Structure formats: structure tokens, C-alpha cells
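Undergrad: The sequence and its predicted three-dimensional model are supplied below.
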Amino acid sequence: MNYRISLCLLIVCAFAENALAQSYQRTALGVKANIQSMDVEVQFFSPDIVRVLKQPEGTVLKKESLSVIKKPQETHLDISDQDNIVTIKSESIQTKLNLKTGSISFETISGAPLFTEKDYGTQFTPVKDADKATYSVRQAFLLDKDEVIYGLGQQQNGKLNQRGQKIYLRQENMKVCIPFFNSVKGYGVFWDNYSPTTFTDNAQETSFDSEVGDCSDYYFMYGPGADGVVARMRDLTGQAPMMPLWVYGFVQSRERYKTQFELVDVVKKYRALKVPLDGIVQDWQYWGKDDNWNAMSFDASTYPKPQLMIDSIHQLNAHLFIVSWPGFAPKTPQYQEFKQKNMLINFDTWPPGANTRPYDVYNPEARDIYWKYLNKGIFSLGIDAWWLDSTEPDHINVQERDFDQPTYLGTFRSVENAFPLEHTKGVYEHQRQTTDAKRVILLTRSAFAGQQRYSANTWSGDVVSAWPTLKRQIPAAVNFSLTGLPYWNGDIGGFFAGAFVRGGGAKNPDFQELYVRWMQFATFTPMMRSHGTDIPREIYQFGNRGDWAFDAQEKFINLRYHLLPYLYATAWNVTHNSGSIIRSLYSEFGQDKQGYENNSEFMFGKSFLVIPVTEKGVKSQSVYLPAGTQWFDFWTGESTSGGKSIEKATPMDIIPLYVQAGSIVPWGPKVQYATEKKWDHLTIRIYPGANGKFTLYEDQNDNYNYEKGMYATIDFIWNDKARTLTITDQQGEFAGMIKKRSFDIVLVAPGHGNGLTVPTPDKTISYNGKGKIVQL
């Protein structure tokens, strides 16, 4: 009898469990279910972007993402279930939800596995966040053993592949933390949480573990491929607007110029030397002493006539960056107003001993107040660009109670990593509201997902002037770009150069070598900017024309300016097609596994393979040329097949630089600043061996009229077999556009169209906007 009762109970329980497991609901975006005491929802934002949301059952979620701005688009879904597995198919991917374990997996539309959660891998642990009862949240996944992943923001660990790492993702100087990775299997994952988070990858699992979270909330996106994943991330979190042409030129900075006369004099010296320059940077303490920290006004004793200073810089055809911080000293009017309105976050920030406090960047009214002072004291004078320093922010004398401090959106702990996102948002949006005549430029020391939409260019922080540091900047930059943020730069020469002061500073041969090699690397980053402390970095500090350190710098600055048409078109590709300027070898050559973990090379746009010299005293360097194309040595024009390593000589004025076959590179005039000469007589370098296409982009250089369709493009199409270059009709128009021009066409070969030399063109053609076919 007991046996029969037990058997019946087992049957009933099994039936009940099966019925429960089979229970799910279709929604407008996918499905939802209650599994393992969790409410689970799968939401398709597009055919290739899926949000996975899990929360403890019965909780009410009020989350509004700070990073994600995309609204779900209408997506056709086929939903079916079998054996406790619910399958949701779009035209691009299929997602499977296990109704017993709650785990979710992703496959290609043909069924090839892409990514999967670990069974029972979602964990909510009750915690106190100040006085609020909430959870720490952990989500575990399973990756293939040999799967390479990139991203996580900018880490200074020297690694390109982030497998096998345990990284505490909390914003710090030199460490940009973004919980996102990009896989060589063609997908990306964004963990949408703003509290300090531990990323762990080991033999058992890959996980994100956040200190505070009401839910497990992540987005899976399928490219396929690295560029596609970046495009999906931009679709999700916002597109990057165009920056002005001038900011792609050379920018000179120092910690710090101490008077307005010293600042202007630097620009005058560059002009006298005829070395190209477009930007000059005013660092801190133009406001006076630390007790007036970040007052957003000029100290009358050292900057008596700021309007004259700015006007003088503009008359020299240069532009001014100026620094602004998120923290204020108590005597400033900003501090007083923020304090009165309870809009300060109560912990110590930079500088030490000044009792400065950061403002509540999460509060829209506080961002209004910040801009009110910034506009009145600085922007109204004609400043061209912002240097937003300490955007992590700096956190001094850290106490655990600091993280309990309230902000507009919750405790500081719960939103800390989004501080740079909200700070840049405030400055960008307010400048856009103030004027559309000048494009926003934000140079910032930290970043979070979505920050690209605020015209932010992140630099790598106060790194030390050393060869190992230079070497680490390459994977740092590539991983940052693969996170979806296209604009990155670093201090040329490193920030802290005190080790080289003895021995002559800028005349110290060891520092000269390091600085020149760093500048060569920076030539191929989105911003080419010299900055640092201890040793002044202006080109004339290194000697005179004819001295090797001067000449090598001038050579690469000139190269940068010759490449401006190429770089500006690449920037348009960033804005218009979600492209990238710094690209991994995997991004361009996804089938060549030898490039997956190459942390010493990168692509500059789609054409250039850049191999910086990162070791002292080397006379040559090993170069891996990716398979699948022919490669041209930029300096000699000699070509060789890919899929192998070669040795390249590296005298002080050369780094290995290669251009892939099929590339079409517009070559700009020699200039002293970016807009000195119109692009009415460009050289078009063609690297034969494969078909190719390039789109030349032009607009008014520094306003937002391009958003209204006021720009023009010309396509150049190379047919390698026919040896013809098709120049299409010019598309679009804008006031001031070039209507008649000429192109010098150069078919690159050994000794012809190489380096910075000006070759005799193979053909010169006139062009009035109507298409032409050129036979070569």
C-alpha cells in the first residue's frame, strides 16, 4: 500500500514539475517564464541583438539603462518548444531557453553553437546597499576552450586576449572598465551593470559578478565578426558623431603652461618653425591655487586677458583645449551652489588636502549647473575643445562608507562605473544646445559603454614613460576599440617622465628614443597628442632641424597631415557605418588565427598595418603579415604575400608600416594646419594586386550641418584585372564644396609612390563632379 501511494505521489510530482517546466508566455519581444524562483525574459531588440533579463521572482524592476538607448525594433520571431526547451528564432540567430534550469544558449540560424549560460549560473545574494536591501548578482557562462575574446574596456595588462583573467572592473586612472567582450566566434556580450564588477575567466566558467544589482541584465549581439559586433554595440548604445577635421591634426600639451603668454608662445614657435600644429592644451591651475580648484575662471595674475589669449591662438590658425574637472574646492561658487542643493558626492577627490568634492553627475539639474558655469566662464570666450580630467573620478582616502553616498540615481556604489558616461553626457548635450556651429570634442580619462555618442576621445591616463608601458598601449587601444568605442589616444612619451630628467630631459638620448617611438605609434591613433610632466615635450625642446630627434618627429607629424583625407574619411565611416579607426588583425582577417592574439600590431582603418617599435635600441623588428592578401611596404613599395613573418629594418625614422593590396589612399597636401589648403589637388595612391574601393568624404569641417545632409562623397573603385580606376559622380553638396579639382593618380610600385616622396603621377585628371574611368 505504501509503495503504491509513493509511486502515485512520484507520478503526480513529476507531472506537476513537467507542467510547471513547460509554462512560459510569449511576449511582443520574445518569451518570459518563471524558473528556479526567477522571472526570466528573453527580448529581441533586433534580429541580431537579444536582451536577457533575470530577477528574483516577485520583484518589481524599475531599471532604466544608462548605456542602452535603442528601442526594440519589430522583429519577426518563430517560437517553438520541445522537451522543456523553448526556441526563439529570428532571421539571424536562434535563442534557446531551458525551462528547467533557466539557462539560455545562442546559435546561428543553421544551429552552430555560439554562446551559452552555465546551468544554474545566475545567482542573487542578498546584500545591503547603504540602507537598501538588494542583491549582488552573478552570471556565469561557458566558452569554448580555445575561444579568444577581446574588450573589457582598456586594461593595462599587456594582453590582447582576455581569457584566463580575473579583473576587478572599477574605474581608475589608467584603467577603463566596460563589462563587454567581443568573441572570435562572431558575437559580443554587454553586461549592463554600473557597480564595481569582477570579471572572471577560468577553466570552469566565465562570469560577471557585480556588487549591486536588482537583476541579471545582459545583451547578446551577433555580428557576425568583430566589425559587425561593434556595429551592433553602436546600434544599441549610440552612434559616434563626427569630430572636426582639425582635431585629427597634431595637438601639443604639457603639465602645464603657467601663463597665457607661455601658452600662445608655443603656438608661435611651431608656426615659426613651420612644423604642423592644430591644437594646444591648457592644463590645470589656470584658475589659481588649489583652494580655488576648478573655478572655471582665469586667475588674473597669470591669465589677465583670456579673451586676447584665445583670439591670438585662433589668429594663428590653432585651437585651444582647456581642462575641467568634476570636483570643486569649497570656496568656489560651484561648490557652494552644489552644496546648497545637496548635489555633492561626499568623498575626497583630487587634489589631496583641498577638501574637494565631485558633483552629482547623475543629476540632470546638477549637469545644468555645471554647464552654466562652464559656459559663462570658459565656453563663451571661444574655447574649442574640452579636456575632462579625472572622469573616474579620482577617489582619495577611500572609505567603505564613501560608496554608500547617495546620488540622484542611488548609492555611488550602484552607479560608480557610469560616472564618466554621465559627466560627458552633460557637457556634450549642453554644448549642442548652446550652438551647432562648433563640434563637441571631449578628451576624457575614463569611459563607459555608450560614451561614443557624446563625442568623447578617451586617453590612457597618467602612464609612466617606459618601454613596457608603450608596448602595453597597443593591446589597450585595440581592446578599447573592440568594446565599441572608436576614439582613443595616449600621452606621447608617457606622462611621468621623471626617470629621464637626469641626463638632460628632452636632450637625454634615452628619452628621445622612447619619445620618437611613442610618437610614431600615436601617428596612427585617433588623436595625435603630446603631453606629460617632468619634461617639456615641444619639438624644439629636442633640438633643431637637422638633429635626428627633431627630424624624426617632424617626419611623422607631416605624415599624419598627408593622411588627413584618409583619416577623415575613416572617421566618416565610424559615424556613418559604425566603423573603427583602430582595428584588430582579427577584425580584417578573421580566418587567420595567427593574428588572433597578436598584441604588437593593429590596423589603421582598413588599409594600413601598423607595427610600432616598442623596445629600446632595436635595429629590426619581426613583422607578421596576415594571410589572404599581398602587402606593400609603405616606405619602399616592395610587395610580398601574407601569411608569414618577415624582418624589417627599423632606423629611428622608420617603423614597419604596410598597406594591403587593393587599398586606395588619398594623399593630402603638405600643410601647417589641417584646413590651410583645400583638397583640390589630391594624390590618389593605388596599391594593386586586388580590387578595391575607397570613399572620399568632405564637409564643412566643423559644424553639424552634415547631420542635415550637407556633405559630399566620391567613390574610387579599382579593378585590378582591367587596370582601371573608376571615379564616380560626386554625391551630395554643401556650401563651399570644391567643384573643380584635379587628381594625381599613382600606381604604387617599388620606388614609385612610397613614403613621403612626391612621385611623378601616372595620370593627372581633372574632375568637376562627373564620373570618369581612368585606364592605367
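TA: All right, it came through fine.

Undergrad: how about the helices of the stretch 551-700 of the chain, start to end?
TA: 564-577, 585-588 (DSSP state H, counting those that start in this stretch).

Undergrad: ok, now the stretch 251-400 of the chain?
TA: Assigned by DSSP H, counting those that start in this stretch, the stretch 251-400 of the chain shows helices spanning 260-273, 306-315, 333-340, 364-377.

Undergrad: Just the residues contacting the helix or strand hosting Thr134, thanks.
TA: Under the criterion of DSSP states H and E, Thr134 resides in strand 132-142. Contacts with strand 132-142, where a contact means C-beta atoms under 8 Å, 6 or more residues apart in numbering, come from 54, 56, 115-118, 121-128, 189, 191, 193, 205-216, 218, 410-411, 414. For every residue, glycine as well, the C-beta is placed using N, CA and C.

Undergrad: now do 6 Å
TA: 116-118, 121-127, 205-213, 216 (C-beta atoms under 6 Å, 6 or more residues apart in numbering).

Undergrad: before we move on, the earlier item: nearest to Gly643 among the helices of the stretch 251-400 of the chain would be which one?
TA: Each of the helices of the stretch 251-400 of the chain has some distance to Gly643 by C-beta to C-beta; the shortest is helix 260-273, at 43.4 Å.

Undergrad: And the closest one, what's buried?
TA: Gln260, Leu263, Val264, Val266, Val267, Tyr270, Arg271, Leu273 (16 or more other C-beta atoms under 10 Å).

Undergrad: what's the answer for stretch 63-70, then?
TA: Ser65, Leu66, Ser67, Val68, Lys70.

Undergrad: now do stretch 51-67
TA: Arg51, Val52, Leu53, Lys54, Gln55, Pro56, Ser65, Leu66, Ser67.

Undergrad: any idea how far the strand holding Thr134 is from the chain center?
TA: Strand 132-142 sits 28 Å away from the centroid of its parent chain (C-alpha atoms, centre = their mean, to the nearest Å).

Undergrad: and the next element down the chain from it?
TA: Immediately after strand 132-142, counting by DSSP H and E, sits strand 149-154.

Undergrad: what about that following strand, distance to the chain center?
TA: Using C-alpha atoms, centre = their mean, the offset of strand 149-154 from its chain centre is 11 Å.

Undergrad: strands paired with that strand, and their directions?
TA: Sheet pairing of strand 149-154 (DSSP bridges) gives strand 176-183 (antiparallel).

Undergrad: okay, the angle between the partner strand and strand 132-142?
TA: 30 degrees (axes from the mean of the first three to the mean of the last three C-alpha atoms, to 10 degrees).

Undergrad: what's the average pLDDT for strand 176-183?
TA: Strand 176-183 carries an average pLDDT of 99.

Undergrad: Going forward, the N-terminal residue is numbered 296.
TA: All right, first residue 296 from here; so that's strand 471-478.

Undergrad: any idea which helix or strand comes after it?
TA: strand 482-486.

Undergrad: what about dumping the CA coordinates of that next one to PDB?
TA: Presented in PDB, the C-alpha positions along strand 482-486 are these (Å, rounded to 0.1, in the frame of the first residue of the first chain):
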ATOM      1  CA  TYR A 482      29.400  37.600 -31.100                       C
ATOM      2  CA  GLY A 483      29.600  40.100 -28.300                       C
ATOM      3  CA  VAL A 484      28.200  40.300 -24.700                       C
ATOM      4  CA  PHE A 485      27.400  43.500 -22.800                       C
ATOM      5  CA  TRP A 486      26.700  43.100 -19.100                       C
END
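
Undergrad: Show residues contacting that strand.
TA: Here strand 482-486 makes contact (C-beta under 6 Å, 6+ apart) with 409-410, 474-477, 503, 513-517, 524.

Undergrad: mind running it again at 7 Å?
TA: Contact partners of strand 482-486, identified using C-beta atoms under 7 Å, 6 or more residues apart in numbering, comprise 401, 409-410, 474-477, 492, 503, 513-518, 524, 527-528, 744.

Undergrad: And it, how far out from the chain middle?
TA: On C-alpha atoms, centre = their mean, the centre of strand 482-486 falls 16 Å from that of its chain.

Undergrad: Quickly run through the sheet partners of that strand, with directions.
TA: Going by DSSP bridges, the partners of strand 482-486 are strand 471-478 (antiparallel), strand 511-517 (antiparallel).

Undergrad: winner for burial among these?
TA: Most buried of these, by mean neighbour count (mean count of other C-beta atoms under 10 Å): strand 471-478, with a mean of 28.

Undergrad: chain center to it, what's the gap?
TA: Computed by C-alpha atoms, centre = their mean, the chain-centroid distance of strand 471-478 equals 11 Å.

Undergrad: Who are the contact partners of the residue most central in space within the chain?
TA: When C-alpha atoms, centre = their mean is applied to the chain, the residue found nearest the centroid is Leu780 (2.9 Å). With contact taken as C-beta under 7 Å, 6+ apart, Leu780 is in contact with Ala742, Gln746, Gln747, Thr753.
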